[in-house]
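[1] coords please:
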Amino acid sequence: MKRNKRMIKLFSSINAIFLIFYFSINGAKNNLSVYLFYSIFIAVVFLAISIVLSSLLKDSCMDVKMEESWKEVLKDEFVRPYFLQIAAHLKTEKATKALIYPPGSLIFNAFDKTPFDNVKVVILGQDPYHNPNQAMGLSFSVPDGIAPPPSLMNIYKELHTDIGMPIPTTGNLTSWAKQGVLLLNAVLTVRANEPASHAKIGWMDFTNSVIKKISEQHSGVIFLLWGRFAQEKQALIDETKHHVLKAAHPSPMSAFSGFFGCKHFSRTNFLLSKEGKEAIDWMPHN
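    Prediction:
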C-alpha cells in the first residue's frame, strides 16, 4: 500500500513537471491532445513499472521459507534492497555451482525452531561452519553424528564446570532452540571452505534488524555476547529492559581469556527465574 502511494506521488510529480514544461514552450492556446497523449503514455509506463516491481518484491517474500511469527515481524525486511541483494547474490553463486552452507532449507532454521514469541535467550555466533556436513542454521550447533567442533566442546566444558553437566556426545543444540534459545548467526550463509565469504552480502543488516526487533518487542531477554564481534551488537539492545552477559569467545584461541569461568549458563537460568520464566535444560537431548 505504501509503495503504491509512493508510485502515485511520483507519477503526479512528473506529470506536473511535464505539464508546466509543455505549456511554457507551447503556450496555453495549443491543443491539449498532445499533452493528454503524453500524460497517458507516462501513466501507462509507470503502471507497468509498478506491476513489475510489485511482482518481484512479492516473489522475494514468497521465497522466504520461515516460521510464520518471524515472517510477520520481519516482513518489511524482505522487500528492502539489501535483502533483494542477498537473494540475487545467492542465486548467482548457485548458478556457478558454488557450494553454500547450510542447505537452503536450513538457512532460517534458527527462526523455525524458536518462534518469535518464544525467545528467552539469544546466543549470537558469527557465520555458519564452512566444512562439510556441519552447518545446520543454528549457531555453534552441528547435526547428530557430527563431532562437536572445538568451540562447542569448550561450551560443554564450561557447562560442566558451571552446573556439573556431563559432556554430551552430540553437538546438536536443537533442544536449546526449542526451549527459547535463539541460536543466531550474524551471517546466515557461507561458501564451502571460505569462512566469512558472505559477511558483506547483506546478512548483517538482516540480523541487526532481528536483534532490534527482539529488543523493541520483548522484555527480559538474556543476550549472551561472546567475543568482540558479538559484543559490537550490544548497541542494538535496550539494556534497560534486557540482560546482556559478555565473555570471551569459546574458540580455543580465546576461551582461556575469559570464557572459561564466566558461568553464563547458571547466570542465565538465575535471570530467567527472576523474570518468572522457565529455566533452560542445557543438556542436549534430541
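[2] quick check: Lys246 is in a helix.
    No - assigned with DSSP: H, G, I helix; E, B strand; the rest coil, Lys246 falls outside any helix and is strand.
[3] number of nearby residues for it?
    Lys246: 16 surrounding residues under other Cβ atoms under 10 Å. Bear in mind the C-beta positions are built from the backbone N, C-alpha and C, glycine included.
[4] who's in contact with it?
    When contacts are counted by Cβ atoms under 8 Å, 6 or more residues apart in numbering, Lys246 is found next to Leu225, Trp226, Gln231, Gln234.
[5] any idea which element the first one lies in?
    Assigned by DSSP states H and E, Leu225 belongs to strand 222-226.
[6] show me what that strand is packed up against.
    strand 121-125, strand 243-247, helix 264-274 (3 or more Cβ pairs under 8 Å, 6 or more residues apart in numbering; DSSP states H and E).
[7] for Val190, give me phi and psi.
    The phi/psi pair for Val190 (degrees, to the nearest 10) reads phi -160, psi 150.
[8] what about it, distance to Asp127?
    Val190 sits 5 Å away from Asp127, taking Cβ to Cβ, to the nearest Å as the criterion.
[9] quick one: the strands in this structure?
    Remark: strands assigned in the chain by DSSP state E are 100-101, 121-125, 181-185, 190-191, 222-226, 243-247.
[10] out of those strands, nearest to Met204?
    strand 181-185 (10.6 Å; Cβ to Cβ).
[11] helices and strands around that closest one, which ones?
    Where contact means 3+ Cβ pairs under 8 Å, 6+ apart, strand 181-185 is packed against helix 109-113, strand 121-125, helix 203-217.
[12] other residues contacting it?
    Against strand 181-185 from outside (Cβ under 8 Å, 6+ apart): 110, 113-114, 119-128, 137-141, 173, 176-177, 207, 210-211, 214, 280.
[13] run the last query once more with 6 Å
    With Cβ atoms under 6 Å, 6 or more residues apart in numbering as the test, strand 181-185 has contacts from 110, 114, 119, 121-125, 127-128, 138-139, 141, 177.
[14] again, but for stretch 227-238
    Leu124, Gln126, Ile211, Lys212, Ser215, Phe223, Leu225, Val244, Lys246, His249.
[15] what's the farthest-apart pair in the residues you listed?
    Longest span within the contacts of stretch 227-238, Cβ to Cβ: Lys212 and His249, 22.8 Å.
[16] between those two, who's got more neighbours?
    Taking neighbours as other Cβ under 10 Å, Lys212 and His249 compare with His249 leading, 22 against 14.
[17] most neighbours of all the contacts of strand 181-185, which one?
    Going by other Cβ under 10 Å, Ser141 tops these with 31 neighbours.
[18] that one contacts Ser175, correct?
    No - counting by Cβ atoms under 6 Å, Ser141 sits too far from Ser175 to count as a contact (10.0 Å).
[19] which neighbours do these two have in common?
    In contact with both Ser141 and Ser175: no residue, using Cβ under 6 Å, 6+ apart.
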